[in-house]
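Asker: predicted coordinates and the sequence they were generated for:
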Number of protein chains: 2
Amino acid sequence: MVKMNKTLNIAIIGLGQVGIYLYNELKLKKKDIENKTGRKIKIVAISAKNKNKKRSFKIDKKIFYSNPLKILDEKKIDILFEVVGLSDGVSKRIVEGALKKKIHVITPNKALVAKYGDYLANLAEKNKVNFEFEASVAGGIPILRTIKEGLATNKINKVYGILNGTTNYILSEMENSNQSFNKVLRKAQSLGYAEPIDPKLDLNGFDAFAKVRILSALSFNNKISKNKCIMEGIENIDLKDINIAGQLGLRIKLLGICEIKDNKLFETVHPCLVSKNSYIGNVNGVMNAVILEGKPIGESVLQGEGAGPGPTSSSLLSDLLSILRGNIKKPFGVSSSKRKKIENFNNNNYTNSLYLRFEVKDKPGVLSSITNNLAKHKISIQRIIQTPDKKNKRATIVIITHKTSELNSKNCLNLLKKNKNITKYPILIRLYN
Amino acid sequence: MVKMNKTLNIAIIGLGQVGIYLYNELKLKKKDIENKTGRKIKIVAISAKNKNKKRSFKIDKKIFYSNPLKILDEKKIDILFEVVGLSDGVSKRIVEGALKKKIHVITPNKALVAKYGDYLANLAEKNKVNFEFEASVAGGIPILRTIKEGLATNKINKVYGILNGTTNYILSEMENSNQSFNKVLRKAQSLGYAEPIDPKLDLNGFDAFAKVRILSALSFNNKISKNKCIMEGIENIDLKDINIAGQLGLRIKLLGICEIKDNKLFETVHPCLVSKNSYIGNVNGVMNAVILEGKPIGESVLQGEGAGPGPTSSSLLSDLLSILRGNIKKPFGVSSSKRKKIENFNNNNYTNSLYLRFEVKDKPGVLSSITNNLAKHKISIQRIIQTPDKKNKRATIVIITHKTSELNSKNCLNLLKKNKNITKYPILIRLYN
């Protein structure tokens, strides 16, 4: 490590929950950081939209900028934290501008990395500075560092897990409290576990999917994929399905999965039925967990708090320390020129056992028309549970199938859609293999 | 990172199971390592006791040395792997000699690090080379790197877990197969999970304890402690206790624990009763798991294969890549001068609920003499299970106590030892809090 007495100048762009927590941590841990790295740091610029907003920690208004881009022109910055969190706009402009000026950048912004990660990594390499984003996946769990460094020479063939704390909290809480999705969502919002205004990006799987893209790029040394993938969220998960799953010894989890299948890249996010006795079935609440399968390491598990300013700050500071210790590193572990494109696995060939729930009119012949249709599409049945609702002349039919491909199930369900005795488009949840 | 075209010379000392696997991996992954680090490596010297022993991979006899110390005199080495595994002797001499000659050293040798880690780290710092020992704790799980880097600015206050795969396999297998300790030990030996000749250091907790010492030094920035601690292994765990525990919804695990209690350092290894529903209660077989509690990170879990040449090699190579990427680092994360001594927590004040099993003569008054004695030592009872064995006029009494200190339980059991109606010195297993 090069000994330098020069104090390093730091800028923080974004003073939301995470930004303000980070600001405070940096002040509190100044001495500790100096002990660990031999380098002094100083926050010389901060930026947010509103200078006078009420914040949980006091800020130094003398170093406040409303326009973050001005900082790059007016101040000598060594390390910049981008904690605005947009996939484009000012987030992209400030990161781009900083890297071009040979400023190290640290960010928890998964949307930005998933969208522009290749371009920004290339920019960082060219300018010989770091672009670090440990906090973008699984909060405080140092999963990216583990893949890039701890498991560097392993051949990883699969990474999967619970990558979104909001949805995991909602699923757990629906089960525990026996309350509907909408009720639990409002509770999650009031507790700060879900975005108060627009929680869509968590609920529809987009957030988890950005993390899958980053994990797969790091694990398989591929360029961030732009392929069309199966991405489903939890908005359509009904309390009824959670309860039926429970009776079957199963639990619903939103899993993010990336895998090399037949030398091709497969990435997906969708709800899965997992055994209540499995490890992943017992990661509840806001916890995140990532499971890696590699050679020679075998199966490794990392679990921890996936969100919140504390865990996120922990990861942001680990990136800072890595930079202060003088490690100039490739953002994706290997240089951009060595990262390849991997052909996409055909989603139609993705196979799973399926949980299908049909709400039907209680008439003779309905079940047989469903089972005939399944048979026609070569989908064989493992288990059927039919629950009549005599009063309303309705019935619920739950079918667990043997393994079948996406193509078969899509074709089959499209036909069944037209069946007038089925009152609601069938619910489909894949069983995790 | 400094670009240098020079090939780095590597020596491997020790060609046992791990050494020979590593030798093969280095050959196989040469190109991958070059891609990831931009550095070329070459194995220029290997050493073991016996040149002609049968090994699972072919070695290059032209670079073989019977006396490893000769390598330091005769060859220009940049990086040396010590995989002999002794706490003293040739292991210490070769590591010491290498560091003095400004050779980076990588080792999985926990016994050496636990005994001489402070001295060797100091030596490495003075000579500005790396002394890396990721593989010394929890096999392939990159736990040390996670503490030193991923969680660098967290205040860690407790680290505990299952740190020894041999004992965890034995305990799991006793439960699953309902077989005695000795039978299962022989099975573990035949499968290569336990040392064939002298498995003592695994069974008596010594191996796990060395890992606790290393974890606590890294987590709390203290010098490796030399304090006397509670160290118990699994040699006295009886199938009977496993079965009774099972009936109570509990499972026995050998836990290593280090913790800051009242600003003092507490380190221990002993069997614990944990809930069958807890995370740690479901880490079975040869798996290792480490749980960290810190601020602001919260609770983090790392789980993976704890032993075997594959996982160990994975960690050894992660250390190699870290060196090749040009990261000169303090072996314990901070410089030796910044590491302090922490006063020892008084073991007598360690408190737990206890599981006590007494084998007694089935006579009136025996139970009351036990409970009186407990009461005298202020140990209150949560639960009693008495099982008579009429034929032999014996009985088994199991008592679960409320929390009590080591001092109280020691005093109480010493008195009960003298009770002639108790036929066997009571079994004591602590419940994990």
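Answerer: That came through, no problem. Numbers count the residues shown, from 1 in each chain, chains lettered A, B, ... in the order given.
Asker: quick check, stretch A:212-228 touching chain B?
Answerer: No. Figure legend: stretch A:212-228 not in contact with chain B (C-beta under 8 Å from any C-beta of the partner chain); closest approach 8.6 Å. The way it works is simple: take the backbone N, C-alpha and C, and place the C-beta from them, glycine included.
Asker: for that stretch, buried residues please.
Answerer: A:212-222, A:224-225 (16 or more other C-beta atoms under 10 Å in any protein chain shown).
Asker: and the stretch 301-433 of chain A, which residues reach chain B?
Answerer: Counting by C-beta under 8 Å from any C-beta, the stretch 301-433 of chain A sits next to chain B at A:301-305, A:309-311, A:313-315, A:317-318, A:321-322, A:325-329, A:333-335, A:338.
Asker: which of the residues you listed fall in helices?
Answerer: A:309-311, A:313-315, A:317-318, A:321-322 (DSSP state H).
Asker: out of these, who's the most crowded?
Answerer: residue A:314 (30 neighbours; other C-beta atoms under 10 Å in any protein chain shown).
Asker: touching, that one and residue B:147? I think so.
Answerer: No. Using C-beta atoms under 8 Å, residue A:314 is not in contact with residue B:147, being 11.9 Å away.
Asker: residue A:100: neighbouring residues, count only.
Answerer: Residue A:100 - counted by other C-beta under 10 Å - has 14 other residues nearby.
Asker: hmm, residue A:123 and it touching each other?
Answerer: Yes. Here residue A:100 lies in contact with residue A:123, judged by C-beta under 8 Å, at a distance of 6.7 Å.
Asker: adding pLDDT, write the ones in helices among the residues of the stretch 301-433 of chain A next to chain B out as JSON lines.
Answerer: Shown next, in JSON lines, are these (pLDDT from 0 to 100):
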{"residue": "A:309", "pLDDT": "90"}
{"residue": "A:310", "pLDDT": "91"}
{"residue": "A:311", "pLDDT": "92"}
{"residue": "A:313", "pLDDT": "94"}
{"residue": "A:314", "pLDDT": "93"}
{"residue": "A:315", "pLDDT": "94"}
{"residue": "A:317", "pLDDT": "95"}
{"residue": "A:318", "pLDDT": "94"}
{"residue": "A:321", "pLDDT": "93"}
{"residue": "A:322", "pLDDT": "91"}
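Asker: for chain B, state which of those is nearest.
Answerer: Within those, proximity to chain B (C-beta to the nearest C-beta) peaks at residue A:310, which comes in at 3.0 Å.
Asker: pretty sure that closest one contacts residue B:299?
Answerer: No. Assessed by C-beta under 8 Å, residue A:310 is found out of contact with residue B:299, at 11.6 Å.
Asker: low-scoring pLDDT stretches of chain A, where are they?
Answerer: A:1-5 (pLDDT under 70).
Asker: how about the residues of the stretch 101-250 of chain A near chain B?
Answerer: A:134, A:140-142, A:145-146, A:149-154.
Asker: list buried residues within these.
Answerer: Counted by 16+ other C-beta under 10 Å, these give A:134, A:140-142, A:145-146, A:149-154 as buried.
Asker: so which two of these are the farthest from each other?
Answerer: A:140 and A:153 (25.3 Å; C-beta to C-beta).
Asker: can I get the residues of the stretch 101-250 of chain A next to chain B in CSV including secondary structure?
Answerer: Shown next, in CSV, are those (DSSP: H, G, I helix; E, B strand; the rest coil):
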residue, secondary structure
A:134, helix
A:140, coil
A:141, coil
A:142, coil
A:145, helix
A:146, helix
A:149, helix
A:150, helix
A:151, coil
A:152, coil
A:153, coil
A:154, coil
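Asker: want to throw those into CSV with distance to residue B:24?
Answerer: Listed next are these as CSV, based on distance: C-beta to C-beta, whole Å:
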residue, distance to residue B:24
A:134, 32
A:140, 36
A:141, 32
A:142, 29
A:145, 27
A:146, 24
A:149, 22
A:150, 21
A:151, 18
A:152, 17
A:153, 12
A:154, 15
